[in-house]
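In: build the 3D model from these lines:
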Amino acid sequence: MYLVLREREPYTTLDGSLVWELIRPEDGSSRVSVARAFIAEGQRTYPHMHRTSEEVYYILRGQGVVVVGGQEHPVAPGDAVLIPAGAEHFAFGVGGPLELLAICAPPYRHDDTDLTEALA
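Out: Numbering: from 1, shown residues only. You can find the predicted model right below:
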């Protein structure tokens, strides 16, 4: 089965980023999900982890920092960051918004996400 999918209406994930899902399980994908995520200037995602999903952030636009397991990784367009399952992570833009693709395998699920910092 081959599908051409269009972006859906955006929503805010548990980590606080605004996402537009591109591929999700409801489309027939049992092994991966892909979403475009946007982190506004002056904001960061909440530190969190995914119990079973590995995640890759592929940077589309902006400069930023992705923190994985307490280590800071400066990022720019074209960079990819591998986030292992169980690793605490968060991201923020530097000097403007940050836009990225978030690729999860198995697919992203709210119930697989644990916030590791209390919400403000």
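
In: would you check that residue 29 makes contact with residue 107?
Out: Yes: between residue 29 and residue 107 there is a contact at 6.4 Å, judged by Cβ atoms under 8 Å. In short, each C-beta sits where N, CA and C put it, glycine included.

In: quick one, which of those two is more surrounded?
Out: More neighbours surround residue 107 than the other of residue 29 and residue 107, with 21 against 17 (other Cβ atoms under 10 Å).

In: give me the most central residue, this structure.
Out: The centre of the chain sits closest to residue 102, judged by Cα atoms, centre = their mean, with a distance of 4.0 Å.

In: host element of that one?
Out: strand 98-105 (DSSP states H and E).

In: for the helix or strand following that strand, packing partners?
Out: For strand 98-105, the following helix or strand on the C-terminal side (DSSP H and E) is strand 113-115. Here strand 113-115 touches strand 48-50, going by 3 or more Cβ pairs under 8 Å, 6 or more residues apart in numbering; DSSP states H and E.

In: how far off centre is the strand it packs on?
Out: In this view, strand 48-50 has its centroid 10 Å away from the chain centroid, taken as Cα atoms, centre = their mean, to the nearest Å.

In: ok so, going back, report the buried residues of the strand holding residue 102.
Out: In terms of neighbour count (16 or more other Cβ atoms under 10 Å), strand 98-105 has its buried residues at 98-100, 102-105.

In: same question, stretch 55-74
Out: Buried-residue list, stretch 55-74, by 16+ other Cβ under 10 Å: 55-59, 62-64, 66-68.
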